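A.B. asks: here is a sequence with its predicted model. Questions after.
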Amino acid sequence: MKENIIQQKSFNFAIKIIELYKYLVVTKKEFILSKQLLRSGTSIGANVEEALGGQSRKDFISKLSIAYKEARETKYWLSLLRESKYMTAEELSIVFIDCEEILKILGKIQKTSKENL
């Protein structure tokens, strides 16, 4: 079975988000932004999984669009954590890079899928 890059990257990203959430709650005692980050960051992979099990091409595109929106929301929460000084840009750099990569991949898949409708 061929490896699905976005499936694997979104799953690995969810693991990083869970670890970041635990760090924020235990070490920084931050409970609001971290919960939002946890929800959106883990939702990306869940929606990718739903897209892969979609009943039609339109269903696939719809679920992938939701995953893209969740990735954008995740980037927003990461930015808030940085700008509110809970974490530094350096501490968040790898997660930001991963999020940007996921956004690019999802955007490309959406574009290609819409063109092939």
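C.D. replies: Noted; the coordinates are in hand. Just so it is clear, the structure is predicted and the values come from calculations on it, not from any experiment.
A.B. asks: buried residues in the host helix or strand of Glu49, which are they?
C.D. replies: With secondary structure defined by DSSP states H and E, Glu49 is part of helix 32-52. By neighbour count on 16 or more other Cβ atoms under 10 Å, the buried set for helix 32-52 is 33-34, 36-38, 40-48, 50-51. Any C-beta I mention is one placed from the backbone N, CA and C, and that applies to glycine too.
A.B. asks: which residues in this protein form helices?
C.D. replies: 5-26, 32-52, 57-83, 89-115 (DSSP state H).
A.B. asks: in JSON lines: these, plus mean pLDDT.
C.D. replies: Converted to JSON lines, the helices of the chain look like this (pLDDT from 0 to 100):
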{"stretch": "helix 5-26", "mean pLDDT": "98"}
{"stretch": "helix 32-52", "mean pLDDT": "97"}
{"stretch": "helix 57-83", "mean pLDDT": "97"}
{"stretch": "helix 89-115", "mean pLDDT": "96"}
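A.B. asks: contact partners for the nearest residue to Tyr21 once chain neighbours are set aside?
C.D. replies: Nearest non-adjacent residue to Tyr21, counting by Cβ to Cβ, 6 or more residues apart in numbering: Leu38, 4.3 Å away. Neighbouring residues of Leu38 by Cβ atoms under 8 Å, 6 or more residues apart in numbering: 17-18, 21.
A.B. asks: neighbours around the residue nearest to Leu106 when sequence neighbours are not counted, how many?
C.D. replies: Distances taken as Cβ to Cβ, 6+ apart place Tyr68 nearest to Leu106, at 4.4 Å, with adjacent residues excluded. Close neighbours of Tyr68, defined as other Cβ atoms under 10 Å, add up to 20.
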